[in-house]
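**Q** Sequence first, predicted model second:
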Amino acid sequence: MSGIADVARMAGVSKSTASRALTGSGYVSESTRRRVVDAATTLGYVASTSAVSLATGRTQNVGVLMPYLTQWFYAEVLEGIQEALLSRDLDLTLYVARPGTSGRERIFEHFLTRRRFDGLIVVGLEPADHELQRLVSLGRPLVSIVGPGEDGTSLIEIDDAHAARRATDHLIALGHRHIAFLGGGDDDLRAHVDQRRLQGYRDSMTAAGLAAEIRHVPSPPSMPGGYAAAVDLLGDSMSRPTAVIGTCDEAAIGAIIAARRLGIRVPTDLSVIGIDDHENAEMFGLTTLKQVPWEQGAAAVELLLSRMQSADTPHTAVRLRARLVMRSSTAPPSGADSAIELDSPLVDEDRLTDA
């Protein structure tokens, strides 16, 4: 097996120069670095993580903290993070801190305090105040994907209020007036996201002169939760809305299933729209506001690396605007005139950055 001495000999440099070229721990001219890298490639030599850590003072590892692993959004974000890190030869340590568990307490109290990573990406945790303080006190670069944000962190997420306003405006343009919002509640672990989406719905209804028609039906952000809430909402034909907005696609899909079982035709009798563009949205013909979690994960890595390279890099809040994807779950209510809106693709001006 080849070692650093063999690489140095082939490249015609000293061992210390070869080490600097491969670890990035000091200045080496570009031509010298290229010779060393070519020699290492030819010999099949890869600098060990421990060697790089000793040379640079870094672990070459990024910690990722999220509350769930099996849910669609988190799995997509994690894939984006991993691909972005792998492309830069960086390792990943994953912590799944499920709310209300003893494991979460141990992660915050013990595991995160060990210097096993150079930076941390926190995904949708909505941590308690003392947990936020603990994360900031670690003194390492920190980026959040979806969350309330905190001094000392950068944030990337979609503009949730804007997505809900677009969903509501789409239904109003179709001619709907009796529109209910399904999802969110005081005990909801996604309260930060859902409350902003609920506020976007309320803002659009009020702006359209429909404040008296505002109707919020609390529901967990899941298919079973949306289904249960929709059965109760749609079961009373006297007060049934003509359209439903799900706080997420899973809640909206639950509403579609409930409507079908109650004999309510979608979209003839009931229009349903969600937010996310979940992997099952196409199967249910769900009109939705599309976000791309994979891109959020990759963008979070970019923000984190900027902070890791320079502590003076300003903290940034990046909010991406979701794109309307029209399918077959929304239509004008019977006898109503509508002004169908044309959608624009997701373009650079949909990316809002506030330092």
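**A** Perfect, I can see it now.

**Q** got any ranges where the chain has weak pLDDT?
**A** Residue ranges of the chain with pLDDT under 70: 1, 23-26, 46-59, 115, 129, 148-152, 185-190, 311, 336-355.

**Q** Closest to the centroid, which residue in it?
**A** Centroid-nearest residue in the chain, with C-alpha atoms, centre = their mean: Pro293, separated by 4.6 Å.

**Q** residues touching the nearest residue in space to that one that is not next to it in sequence, list them.
**A** Once flanking residues are discounted, Pro293 sits nearest to Glu76: 3.6 Å by C-beta to C-beta, 6 or more residues apart in numbering. Placement of C-beta: from N, CA and C, glycine included. Residues in contact with Glu76 (C-beta atoms under 8 Å, 6 or more residues apart in numbering) are 292-294, 297.

**Q** just those now: which is nearest Arg20?
**A** Using C-beta to C-beta, Gly297 comes nearest to Arg20 of the contacts of Glu76, at 31.7 Å.

**Q** three-state assignment of Glu76?
**A** Three-state assignment for Glu76 (DSSP: H, G, I helix; E, B strand; the rest coil): helix.

**Q** For Ser271, see how far away it is.
**A** 26 Å (C-beta to C-beta, to the nearest Å).

**Q** same question, Arg98
**A** Arg98 sits 35 Å away from Ser271, going by C-beta to C-beta.

**Q** higher neighbour count, the two?
**A** It is Ser271, of Arg98 and Ser271, that has more neighbours when counted by other C-beta atoms under 10 Å, with 24 against 14.

**Q** which residues does the residue nearest to the centre of the chain contact?
**A** Counted by C-beta under 8 Å, 6+ apart, Pro293 has contacts 72-74, 76-77, 80.

**Q** and what of Leu182?
**A** Contact analysis of Leu182 by C-beta under 8 Å, 6+ apart lists 217, 219, 226, 229-230, 233, 244-247, 251-252, 255.

**Q** Please apply the same query to Phe73.
**A** Phe73 neighbours (C-beta under 8 Å, 6+ apart): 124, 276, 293.

**Q** For my notes, please list those in CSV and give secondary structure for each entry.
**A** Listed next are those as CSV, based on three-state DSSP:
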residue, secondary structure
Gly124, coil
Asp276, strand
Pro293, helix
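
**Q** which among those gets closest to Pro332?
**A** Comparing these against Pro332 with C-beta to C-beta picks out Asp276 as the nearest, at 24.1 Å.

**Q** Quantify the burial of Gln195 by counting its neighbouring residues.
**A** Neighbour number of Gln195 under other C-beta under 10 Å is 17.

**Q** That one: what secondary structure?
**A** helix.

**Q** Which residue, neighbours along the chain excluded, lies closest to it?
**A** Gly184 (6.2 Å).
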